[in-house]
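Engineer: here is a sequence together with a model predicted from it:
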Amino acid sequence: MTLSSAPEAAAVQPALRGSVLVVTIDHAPVNALNAAVRRGLIDAIESADANAAVRAVLIVGAGRNFIAGADIREFGKPAVPPSLPDVCNRIEACGKPVVAAIHGAALGGGLEIALASHYRIAVEGAKLGLPEVQLGLLPGAGGTQRTARLIGAQAALSLMLSGRHVGPQEALRLGLVDRVGQSDDVFAEGLAYAHELIATHAAPRRTKNARGLADKEASAAAIAAARADTQKKSRGLLSPLKIVDCVEAALNLPFDEGLRFERERFLECRESPQRAGLVHAFFAERETQKSPETRGAQPRALDRIGVIGGGTMGAGIAVALLDAGLSVTMIERDDASLERGRAHVEKVYDGLIEKGRITQEIKARALQRFDGDTTYDALADADLVIEAVFEDMAVKKAVFAQLDRVCKPGAVLATNTSYLDIDEIAASISRPQDVLGLHFFSPANIMKLLEVVVPARVAADVVATGFELAKKLKKVAVRAGVCDGFIGNRMLAVYRTAADHLMEDGASPYQIDNAVRDFGFPMGPYQVVDLAGGDIGWAARKRRAATRDPKARYVHVSDALCERGWFGQKTGRGFYRYEGGARAGKPDAEVEAIIDAERERAGVTPRAFSDEQIVRRYMAAMINEGANIVHEGIAQRPLDVDATLMHGFGFPRYRGGPMHFADSVGLENVLTDIREFAKEDPLFWRASPLIVDLVARGKNFASLNQAD
Ligand code: 3H9
């Protein structure tokens, strides 16, 4: 059962039910702990202590959740008392037993409220967790101290360092809750528990006195192991090691001192740019899901999906769809190609089985929803068709002509093109209103980003269907307009070019990769080329050669490698050498010699760049193109650019995406850099009119994000 949520009601509503004071938190949408909720909770506990008729307190959440945590929107603003630690301490100090009855999310500060309560019950569907680490924070309302005392160092660290959610049964096993309700009626379950406690004269039971850290040696070992692991895995992140330190404080310090220790660390995290970046990422991911079309239109049906093409992309898309429980019909031109397509799909699943991520049964169940055909007529009933055939306008148009012929009226016809003009594709058939771009990123079953590309004549409900599909696939959908490369690949082309200029001017590809990795990307641009295959970019460069501005600087190094057949990992050589099929490449002196030769040919005298100089140019190029993309309306807001780069291109989440990063270093500084670089190459470095305008008005990108 969910309790009703009245928007006009007070955020915390105490009501006496017999001898139980029921304290209902009613703060839509997720009962986040804003100042009014915090105040209301303290007042409720005070009144419980003061009222002799109250023999127990029950805390429940209205709506779909217990409490989703601290109100993230308050971070970065002046603090309003009471603080959440004070609220938790007051609850724990209550002289009457306090029960937390949990349904839906009890996350972060929400779980901390439950841990400060004396008894906990969870019902089916409850999600308990301490996800602060994902926001660059640590549990800061006693969570590190109470969790460790309640469930032990190892389990507490595992929860806090991963941020994962646990269900009621696991919570019970861990000792996070005392019982799991028999029904999903959280109110009835909680009330019954409170009455039982009254009947058995149960006393308040304070988590600060729990004995989960009693085995000092085992606790110390768990902390040491977590610290070593965190040092390895959480490169560049501030909060994970602080979480470990706080658990160590829980082991070694009295409770009150531990709380103080935790509070100091929490405040350091809260004030850090990482917290700002991660919170921006959190809201950006949610905000991108909202487009003018999703606000106004209902999505069309989405049960039977067709995929045209069984290459790497088509197969990856098919797996993404199957994993979401959808039925897929793959179309290929003949039996042999279809067999290859099916084999590609199976290979993706086999890879996952090999890594222990899924079982044979899961693969078998998914493949039951997969079939294939060699004629388009098999798509007569499809609700949505996604084509992933060769990137060639004539080939795409031929596919769409077939779809126009066979598909039922109202079927959504989507193209996975990376750069072709979708308006032109749409105009080539009789139903342009049904044509949409759905641009997946490889591997399509893994990468979170889905660009929903919106051509001029598409119907709003078709766009809404694209967003609905993304939701089913658990992807981050970003609305993009039609242009060469849409948001992500268009930006990639520009910052890759900036990297090429740096390389020809004197930085080695290895230094560039290193600097970019140190900034926080998982890979540098040349490692990415080697992974994706140099031939892909080569083909694109050849395609663009005719339209390239002859005055624009062109670096030939990548072409020179491709001419030698060095396409990267798959050929054993690219920018790096991959000896014996190794996946990690080694720097290659011959590549450096080729670069030297190209420098000479271009008449460039190489100069040294520091890592910082490399990153400044790389980022300035990225930010400038992002600004152009917003300026032209290809992206709705800067935050759409941020989500694209974070989910499709490995931009470090803790920096919040390139546009948020630009704001954090100061947009005027970025503009100064661009103007400085323009002295050498005014054609490449043209400051975006949007940046010029924002700086002139003393504004930043965030001012264009409604959500910020
Ligand atoms: C913390 O607790 C720190 C403490 O340890 C220490 C303090 C001293 N605040 O995700 P949805 C909004 S840190 C404000 O689409 P779902 C969200 O933006 C916090 N707003 O729904 C959206 O707004 P809009 C630790 C929040 O059903 C709306 O609610 N907690 C918050 O898919 C619906 O959200 C977390 O990290 C918030 N805390 O998922 C939990 N949470 O409608 C973060 C959500 O305007 N939250 N909103 O777009 C979640 O994981 C999911 O929102 C949740 C619901 C699972 C709860």
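Structural biologist: Received the coordinates, thanks.

Engineer: so where's the chain shaky on pLDDT?
Structural biologist: Per-residue confidence of the chain (counting by pLDDT under 70) places the weak regions at 1-9, 706-708.

Engineer: the ligand contacts on that one?
Structural biologist: Remark: the part of the chain in contact with the ligand comprises 29-30, 32, 65, 68-73, 84, 105, 107-109, 112, 131-132, 135, 137, 139-141, 143, 283, 286, using CB under 6 Å from any ligand atom. Just so you know, the C-beta spots here come from the backbone N, C-alpha and C atoms, and that holds for glycine as well.

Engineer: so which of those residues are in strands?
Structural biologist: Here DSSP state E is the test, and the residues of the chain next to the ligand give 105, 107 as lying in strands.

Engineer: what about burial for the residues of the chain next to the ligand, which qualify?
Structural biologist: Members of the residues of the chain next to the ligand that pass the buried threshold by neighbour count (16 or more other CB atoms under 10 Å) are listed as 30, 32, 65, 68-72, 84, 105, 107-109, 112, 131-132, 135, 137, 139-141, 143, 283.

Engineer: per the record, what domains does the chain have?
Structural biologist: If you go by automatic domain parsing, the domain ranges for the chain are 3-270, 299-486, 489-704.

Engineer: in CSV: these, plus distance to residue 279.
Structural biologist: Output for the domains of the chain, formatted as CSV (distance: least, CB to CB, whole Å):
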stretch, distance to residue 279
domain 3-270, 6
domain 299-486, 16
domain 489-704, 8
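
Engineer: all strands of the stretch 401-550 of the chain, in order?
Structural biologist: 412-415, 435-440, 449-454, 476-481 (DSSP state E, counting those that start in this stretch).

Engineer: how far out from the middle of the chain is the first one?
Structural biologist: Here the centre of mass of C-alpha atoms in strand 412-415, compared against the chain's by CA atoms, centre = their mean, to the nearest Å, lies 25 Å away.

Engineer: buried residues, that strand. List them.
Structural biologist: In strand 412-415, counting by 16+ other CB under 10 Å, buried: 412-415.

Engineer: show me where the stretch 351-500 of the chain has its helices.
Structural biologist: 360-368, 393-406, 422-427, 460-472, 488-505 (DSSP state H, counting those that start in this stretch).

Engineer: dump these into TSV; add mean neighbour count and distance to residue 597 as well.
Structural biologist: What follows is the helices of the stretch 351-500 of the chain, written out as TSV (neighbours: other CB atoms under 10 Å; distance: least, CB to CB, whole Å):
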stretch	mean neighbour count	distance to residue 597
helix 360-368	13	49
helix 393-406	17	36
helix 422-427	19	40
helix 460-472	22	46
helix 488-505	22	11
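
Engineer: mind checking which of those is nearest residue 274?
Structural biologist: Smallest distance to residue 274 across these (CB to CB): 22.3 Å, for helix 488-505.

Engineer: I'd guess residue 305 is in a strand, am I close?
Structural biologist: Yes: residue state for residue 305 (DSSP: H, G, I helix; E, B strand; the rest coil) corresponds to a strand.

Engineer: for it, list the residues it contacts.
Structural biologist: The neighbours of residue 305, taking CB atoms under 8 Å, 6 or more residues apart in numbering as the test, are 321, 326-329, 382-386.

Engineer: one more time with 10 Å
Structural biologist: Contact criterion CB atoms under 10 Å, 6 or more residues apart in numbering gives 317-318, 321-322, 324, 326-330, 369, 379, 382-386, 412, 414, 469 as the residues in contact with residue 305.

Engineer: same question for residue 408.
Structural biologist: 379-383.

Engineer: restricted to strands, list the contacts of residue 305.
Structural biologist: Using DSSP E, the members of the contacts of residue 305 that fall within strands are 327-330, 384-386, 412, 414.

Engineer: need these in CSV (columns: distance to residue 342).
Structural biologist: What follows is the ones in strands among the contacts of residue 305, written out as CSV (distance: CB to CB, whole Å):
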residue, distance to residue 342
327, 15
328, 11
329, 12
330, 7
384, 20
385, 18
386, 17
412, 24
414, 21
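
Engineer: which two in the residues you listed are spaced the farthest apart?
Structural biologist: Within the ones in strands among the contacts of residue 305, two members stand farthest from each other by CB to CB: 330 and 412, at 17.1 Å.

Engineer: ok, residue 635 touching residue 658?
Structural biologist: No: taking contact to mean CB atoms under 10 Å, the distance of 11.4 Å between residue 635 and residue 658 leaves them out of contact.
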